[in-house]
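Novice: When you get a sec, could you give me coordinates for this:
(one chain, ligands or ions: 1)
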Amino acid sequence: MTRTAEYSQANADSSRWQRLRRIELLGLIGLLLLPGLAAAASRLEGLRMHEAPDYTRVVLDVSAPAEFSIFTLDNPHRVVVDMANTSAAPGFNPGMVAAGRERVTGVRTSVRGSGFRVVLDVTGPVEPSGFALDPVAPYGHRLVIDLAGGKRAAKPERKVVSRPKGRRDVVIAIDAGHGGEDPGALGPGGVLEKDVVLQISRRLEQKLSATSGYQAVMVRTGDYYLAHRKRQDVARDARADLFVSVHADAFKEPSVYGASVYTLSGRGASSETARWLAASHQNSDLIGGEAEIHLNDQPDGIKEVLLDLSMDANRIASIEVGAAILDTMAPVTKLHKKDVEEAGFLVLKSPDIPSVLVETGFISNPGEAKRLRSVDFQNRIAAAIATGIRNYMSASAPDGTLVAWQRRQGGQRYTISRGDTLSDIASRYGTSTRRIKEANGMRNDVIRIGQVITIPAG
Ligand SMILES: [Zn+2]
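Specialist: Reported below is the predicted structural model:
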């Protein structure tokens, strides 16, 4: 979940070494040039792109911060990035980076005096914005150009299944931490938190959506960064009943291991680790590159009080969900802390939605790093989180949901196994296929192995 260069000695050493080598090379260039000519201050080493639902992010990897300017040209539409005092590193080649992109169809480069120009061919009029990002392992200095508008990618599909009145789905927003230029924590062998948490989140989504009465919504659907408040906006737009942020921990001691669950604290962090982790997490928007300046952020007295009140109710719900998830994770993995921890994570500051942050393990621990990238462990931890959420919801789902309605019916749960048919199950429990389908919001007789259904009482 955290900035990682300092937590992994191996990586810290290698980035220090790279820095040293760069200085050495710059020194060499300086020596070779005639006195009076300025040496190139920065070298362009790479060009990458991330596709987000409403923008394309172009990342220029540079050896040192460079002054740059951006402008657009029409007919055909282009975005031009001029970097002062910059040259291309030997072997720099944008290659096929534009292939299959939403807004960029080609990349061309040219030397401009002591500077360097990158021209992006774009599909239509776009609004570019640019900013610099400081190094965070495994990335170095970066210039970031965000292209908004133009050929818009389709909005992520948020399909709300219509249900009989009073039997809507429980909606769970699953937030895979970090993404894009924010790699999150870094584990041995170059494993990145942003990658493993997206994989675990997708498995969690599948498992929840396979349960009748539940709909899972992925907050981030690919390798791109979303600012903390945007993550909450996605959850709010989907009218989520619960926000689950999925992370993997890192600590300076590689021996530390285990999963934990955090909720937002209004009073301050509950332990020193929690305080430490929360403090490092606040930097995430800086690492990930939140280019916007929020003009509406000025505190507003009355609003603050209302937020505090609604946060109190949600804090209790958040702690209960967190405890249910800890219970179901315990048989699957060691727990770092056996109680729900509280910390001031920015991503959990969603006053209207109960929110938890699940640390699936320490990616800085070699054993856990290996597990976190294995399909088997990812499936087991995702299943444990899904079961914890369902256990909480089967007791506390909001009124108006199918799950709350099932609770009032006093039904029991049944997991479909190989060879089951709805009519067999119905006769075994002395009920009818029609009643089972009604209790589970099913439109046909299709059932899947592992699916959990409710058998109505009576
Ligand atoms: Zn994280």
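Novice: which parts of the stretch 151-300 of the chain sit against the ion?
Specialist: Contact residues, the stretch 151-300 of the chain versus the ion (CB under 5 Å from the ion): Gly177, Gly184, His247. (C-beta placed from N, C-alpha, C; glycine too.)
Novice: Poorly predicted segments of the stretch 51-200 of the chain, please.
Specialist: For the stretch 51-200 of the chain, the stretches with pLDDT under 70 are 151-166.
Novice: Helices of that one, residue ranges please.
Specialist: All helices of the stretch 51-200 of the chain, identified by DSSP state H, counting those that start in this stretch, fall at 193-209.
Novice: Which one of the residues in it is closest to the ion?
Specialist: Closest approach of the stretch 51-200 of the chain to the ion (CB to the ion) occurs at Gly177, with a separation of 4.0 Å.
Novice: Pretty sure that residue sits against Val197.
Specialist: Yes - in this structure Gly177 lies within contact range of Val197 using CB atoms under 8 Å: 5.1 Å.
Novice: any shared contact partners between these two?
Specialist: Common neighbours of Gly177 and Val197 (criterion: CB atoms under 8 Å, 6 or more residues apart in numbering): Gly184, Val246, His247, Ala248.
Novice: what lines up beside the host helix or strand of the second one in the sheet?
Specialist: Following DSSP states H and E, one finds Val246 within strand 242-249. Strands adjacent to strand 242-249 in the sheet, as given by DSSP bridges, are strand 170-176 (parallel), strand 355-362 (parallel).
Novice: ranking those by burial, who's on top?
Specialist: Comparing the strands paired with strand 242-249 by mean neighbour count (mean count of other CB atoms under 10 Å), strand 355-362 ranks first with a mean of 29.
Novice: wait, does that one contact the ion?
Specialist: No - Strand 355-362 does not reach the ion (CB under 5 Å from the ion); its nearest approach is 7.6 Å.
Novice: Tell me how far the helix or strand following that strand lies from the chain's centre.
Specialist: Using DSSP H and E, the next helix or strand after strand 355-362 towards the C-terminus is helix 366-372. Here helix 366-372 is found 19 Å from its chain centre; the criterion is CA atoms, centre = their mean, to the nearest Å.
Novice: go on, stretch 98-110?
Specialist: Relative to where its chain is centred, stretch 98-110 has its mean C-alpha point 26 Å off (CA atoms, centre = their mean).
Novice: picking that back up, can you tell me which of the shared contacts of Gly177 and Val197 is closest to Met442?
Specialist: Distance to Met442, by CB to CB, is smallest for Val246 among those, at 28.8 Å.
Novice: Show me the beta-bridge partners of the closest one.
Specialist: Beta-bridge pairing of Val246 under DSSP bridges involves Ala176, Val358.
Novice: contacting residues around it?
Specialist: Applying CB under 8 Å, 6+ apart, we find Val246 in contact with Ile174, Asp175, Ala176, Gly177, Val197, Ile200, Ser201, Leu204, Val358, Thr360, Ile385.
Novice: quick one, what contacts the third one?
Specialist: When contacts are counted by CB under 8 Å, 6+ apart, Ala176 touches Lys194, Val197, Leu198, Ile200, Ser201, Arg202, Met218, Val219, Arg220, Val246.
Novice: Of those - the most surrounded one?
Specialist: The most crowded member of the contacts of Ala176, judged by other CB atoms under 10 Å, is Val197 (31 neighbours).
Novice: contacting residues for that one?
Specialist: Contacts for Val197 were tallied using CB under 8 Å, 6+ apart; they are Ala176, Gly177, His178, Gly184, Val246, His247, Ala248, Thr360.
Novice: Could you tell me how far it is located from Tyr214?
Specialist: 20 Å (CB to CB, to the nearest Å).
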